[in-house]
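>>> Please work out how this folds:
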Amino acid sequence: MHTSNALELNFAERVRDNQGRLRSSLKRVYDFIVCGSGSSGSVVARRLAENPGVDVLLLEAGGEDDAPAVTHADQWPLNLGSDRDWSFHGEPNAHVNGRSIPFSMGKVLGGGSSINVMVWARGHKTDWDRFASEANDAAWSYNSVLDIYRQIEDWQGAPDPAYRGTGGPVFVQPAPQPNPLAPATVDAAQAAGLPSFPNANGFLMESARGASITDVRVRDGKRQSIFRSYVYPVMDRSNLTVLPQALVTRVIFEGKRAAGVEFVYDGRTHRVAAAAEIVLSLGAIQTPKLLVQSGIGDAEDLRRLGIPIVQHLPGVGRNFQDHVAFDCVWEYPEAIAPRNNMSEAILFATTSAGMEAPNLFVCQAEVPKSTTENAKRFGLPTAGWTLFGAVAHPESRGRLRVTGPRPEDPVLIEANTLAEPADLRAAIQCIELCREVGNAAPLRPYVKREVMPGNLKGAELERFIRDAATSYWHECGTAKMGRDPMSVVAGDLKVYGVDNLRIADASILPALTSANIMAPCVIIGERAAAALAGAHALGVRLSARTD
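A predicted model of the protein is given here:
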C-alpha cells in the first residue's frame, strides 16, 4: 500500500473514532454553533475550530458525503432530486407559462458544494464594489476580496500572482485535458467577438466580456467540496463536533439574545446553548424560513402565523433572486464523452454597448439537456451538447412565504421569474448569443444539427424562452446585507436588532454575482469568520493552510 493511502486511511479512522465519541456525548453548551455545512458554513466552522480553546458544533440536516455521485465529478447530475437535494419547487408562475421551476439545494455535508457542477467563479469587480457600497464596508470591496481569494486558493494553472494564489485550502485548476468541444467553444466565442482569456478568474473578472476554459474544483476526477477542503482535515480535533442528519428547527432567544438552537437528531429534539454566537448558514431558502419560525421577520406575517415576535425585519424572505437560465442544444455528428465536470467552457457578454460588467453568461454542458416542455416540443438527441445561457443580473425579484410555525410546514417560493420585461429582453439577447456562438465555424465539426431553439422569432421565441426558463441553482438575497429598511444584516453579518446571531450564506447577497456562486459563498464564510474573530479576540488565521 502506498504511504499516502496508508496515511489517508489512518486519518479517516481517527476522524471516525473522534467524531463517534463527540456525537455520542453532545454537550449542553458550545461556544459557537454553526447551522449548515455548505460553502459558507464549512468555512466558518473550520476557521473557528483553528483556535483549540473554542468548542464548535456544526449541524447539517443532510447525511454523509461519501456517495459516488458526490465524490465522482462526472456523476453530479445523479444528485439532483436525490436525498442529497432539498428539491424545492417554485409556485406556478404565469411568466414561465404556468410552470413550477425546480430549485435544487444541497442537503448533505458540504451543501451545494457537494452536489453542484464544481465551477469556481469569483464574481466581477463591480459585484463586490456594489456590495461594499451597500454595506458601507470596504472589507467587501473587490480589492479586499481579491486579497482573500489569493490567500485561500491553491491555483494549479499558469502562475498569475497578481490574481491567483497558491498553497491555500481551495484546490482549483482550469479544466485539465478538456473535451475538444471546450476550446472550440472558446474559439467560437472569439469568432463572435468575445476576447479569450487564459482563465476565468483573473483579469476577465475586471472586464465586461470574454471567454475561457472553466476553472473547476476537480482533482483527478474527484470533487473537491468546500466541506472536504475546509472541515474534514480538522475533524480529528476534539473541539469540533460535526453532526449530520441534524435538522435545526428553531433559534432559541432570551429576550433579544440568541441563546441556543433546537434541532432534531436521532429521533429526538435537542436544545443546545451557545456561549458566544450562532451562525446561520442554511442557504437562501432555509435560513429565512428558520428566522421567521424563530420570530424574526415581518411582524404582520409573524402574527398571522402565531409566532411570537422577537424582531420586526420585513426584508426576511424578500429580494429572492436566481440566475434565470435557458438551454440551447446541438446534436453531435459523433458522440464525445464528457470530461471533468462535464462543463469546461464559460463566456461572459453584455446586453448593450458601454456596459462595464457582463449581464449574460453561458456555461457549456457536454450533454444535451432541457426542460420537460422543450424536450417534448423539440426532442433531445441521444448525443449532443448544450449552451446553458443565463441572465446574470435579472431585475425580477421574488419572495418566500412561510406557511406555518412548525418545521414541517413548507415554504412557498414565489420566484417571479421573468416578471420584469427587461429580463425577457435580456433573455432574447442571451439566446441570440448562444446561437451565434454555437453555430460559429470553430464548432461546426461538432454539430450535426441545431436541435433548439432554431431561428425562432417573435411570439414563438418568447414561448421557447418561457418554457426554457429554469434555475441555475444560485438562489440568494433573502436576508440581504445593507443599510436600508429591507436589510437583514449589517456588513459584519450580524442580524439587526438581536444579539449573538449572524448569517453567513448566499441569502446575505444584495444581488447576484456575475456567475456561479460557490466561490462568493466561500468569501462570505471567510468574512464571517474574520468578523467573529475580531469580536471575540480569537485570532483566527485567515491564511491558515490545510493541516
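
>>> From now on I want contacts and neighbour counts done on CA atoms only, so please keep to that.
Fine.

>>> Report the contact partners of the nearest residue to Val411 once chain neighbours are set aside.
Distances taken as C-alpha to C-alpha, 6 or more residues apart in numbering put Val402 closest to Val411, at 4.6 Å, once the chain neighbours are dropped. Val402 is in contact with Lys289, Val292, Gln293, Asp409, Pro410, Val411, Leu412, counting by C-alpha atoms under 8 Å, 6 or more residues apart in numbering.

>>> Same question for Phe11.
Residues in contact with Phe11 (C-alpha under 8 Å, 6+ apart) are Asp236.

>>> how about 10 Å then?
Asn5, Asp17, Tyr232, Pro233, Met235, Asp236 (C-alpha atoms under 10 Å, 6 or more residues apart in numbering).

>>> and which of the residues you listed is nearest to Glu344?
Tyr232 (27.1 Å; C-alpha to C-alpha).

>>> The closest one contacts Ile226, doesn't it?
Yes. Tyr232 lies in contact with Ile226 (C-alpha atoms under 10 Å); the separation is 9.3 Å.

>>> can you list residues touching both of the two?
Ser42.

>>> Comparing these two, which shows the higher neighbour count?
Using other C-alpha atoms under 10 Å, the more surrounded residue of Tyr232 and Ile226 is Ile226, with 31 against 18.

>>> Hmm, Arg217 and the more buried one touching each other?
Yes. Between Ile226 and Arg217 there is a contact under C-alpha under 10 Å: 9.1 Å.

>>> the longest strand in the chain is where?
Ranked by residue count, the top strand of the chain under DSSP state E comes out as strand 268-280.

>>> Now do that strand: which elements does it pack against?
Packing partners of strand 268-280 (3 or more C-alpha pairs under 10 Å, 6 or more residues apart in numbering; DSSP states H and E): strand 29-35, helix 41-49, strand 56-59, strand 246-254, strand 257-265, helix 283-293, strand 501-503, helix 518-536.

>>> A helix includes Ala479, no?
No. Counting by DSSP: H, G, I helix; E, B strand; the rest coil, Ala479 is not found in a helix; it is coil.

>>> does it really touch Asp298, like I thought?
No. Counting by C-alpha under 10 Å, Ala479 sits too far from Asp298 to count as a contact (12.0 Å).

>>> Kindly point out which residues are neighbours of both of the two.
Common neighbours of Ala479 and Asp298, using C-alpha under 10 Å, 6+ apart, are Leu313, Pro314, Gly315, Val316, Gly317, Arg318, Met486.

>>> mind listing what's buried in the longest helix belonging to the chain?
Counting residues, the longest helix in the chain under DSSP state H turns out to be helix 3-24. Residues of helix 3-24 classed as buried: Phe11, Ala12, Val15, Asn18, Gln19, Leu22 (neighbour count, 16 or more other C-alpha atoms under 10 Å).

>>> now it, how far from the chain's geometric center?
How far helix 3-24 lies from its chain's middle: 29 Å, per C-alpha atoms, centre = their mean, to the nearest Å.

>>> picking up where we left off before, which of the contacts of Val402 lies closest to Gly112?
Looking across the contacts of Val402 and measuring by C-alpha to C-alpha, the closest to Gly112 is Lys289, at 17.9 Å.

>>> so how many other residues sit close to that closest one?
30.

>>> got the contact list for it?
The contact partners of Lys289, by C-alpha under 10 Å, 6+ apart, come to 249-250, 282-283, 296-297, 316-317, 400-405, 407, 409-412, 478.

>>> now these: which count as buried?
249-250, 282-283, 296-297, 316-317, 400-405, 407, 411-412, 478.

>>> So which of these are in helices?
Residues of the buried ones among the contacts of Lys289 located in helices (DSSP H): Gly283.

>>> Hmm, Leu493 and Lys480 touching each other?
Yes. Counting by C-alpha under 10 Å, Lys480 does reach Leu493; the two are 9.3 Å apart.

>>> Strands along the stretch 401-547 of the chain, start to end?
Listed in chain order, the strands of the stretch 401-547 of the chain (DSSP state E, counting those that start in this stretch) span 411-414, 449-452, 470-471, 501-503.

>>> roughly how far is the third one from the heart of the chain?
The reference is to strand 470-471. With C-alpha atoms, centre = their mean, you get 14 Å for strand 470-471.

>>> Give me the helices and strands touching it, please.
Judged by 3+ C-alpha pairs under 10 Å, 6+ apart, strand 470-471 is in contact with strand 102-103, strand 324-331.

>>> Give me the sheet partners of that strand and which way each runs.
Here strand 470-471 is paired, per DSSP bridges, with strand 324-331 (antiparallel).

>>> Report the mean per-residue pLDDT for the strand it pairs with.
The average pLDDT for strand 324-331 rounds to 98.

>>> Okay, buried residues for that strand please.
Val324, Ala325, Phe326, Asp327, Cys328, Val329, Trp330, Glu331.

>>> Okay, the fifth one and Leu58: tell me how far apart.
In other words, Cys328. Relative to Leu58, Cys328 is positioned 41 Å away (C-alpha to C-alpha, to the nearest Å).

>>> Residues that sit against both of Ile226 and Arg217, list them.
Common neighbours of Ile226 and Arg217 (C-alpha under 10 Å, 6+ apart) are Ser113, Met118, Val170, Phe171.

>>> Inside strands: which ones of these?
Val170, Phe171.

>>> in the stretch 101-250 of the chain, which spans are helices?
Ranges of helices in the stretch 101-250 of the chain, per DSSP state H, counting those that start in this stretch, are 125-135, 142-152, 181-191, 226.

>>> Now the two most distant members of the contacts of Val402.
Among the contacts of Val402, the pair separated by the greatest distance (C-alpha to C-alpha) is Gln293 and Leu412, at 13.9 Å.

>>> Any chance you could list residues touching both of these two?
What both Gln293 and Leu412 touch, as defined by C-alpha under 10 Å, 6+ apart, is the set Val402, Thr403.

>>> Return the set of buried residues in stretch 425-445.
426-431, 433-443.

>>> what does stretch 73-83 give?
Buried residues in stretch 73-83 (16+ other C-alpha under 10 Å): Ala73, Asp74, Gln75, Trp76, Asn79, Leu80.

>>> just checking, the third one is part of a helix?
Yes. Remark: Gln75 belongs to a helix, assigned using three-state DSSP.

>>> For it, which non-adjacent residue is spatially closest?
Nearest one to Gln75, counting by C-alpha to C-alpha, 6+ apart, is Ala69 at 4.8 Å.

>>> Just after the helix or strand containing that neighbour, pick out the following helix or strand.
Applying DSSP states H and E as the criterion places Ala69 in helix 68-71. Downstream of helix 68-71, the first helix or strand assigned by DSSP H and E is strand 88-89.

>>> Show me what that following strand is packed against.
If contacts are counted by 3+ C-alpha pairs under 10 Å, 6+ apart, strand 88-89 sits against strand 102-103, strand 411-414.

>>> switch to 6 Å and redo it
Contacting strand 88-89 under the criterion 3 or more C-alpha pairs under 6 Å, 6 or more residues apart in numbering; DSSP states H and E are the following elements: strand 102-103.

>>> How far away from the center of its chain is the strand it packs on?
Computed by C-alpha atoms, centre = their mean, the chain-centroid distance of strand 102-103 equals 14 Å.
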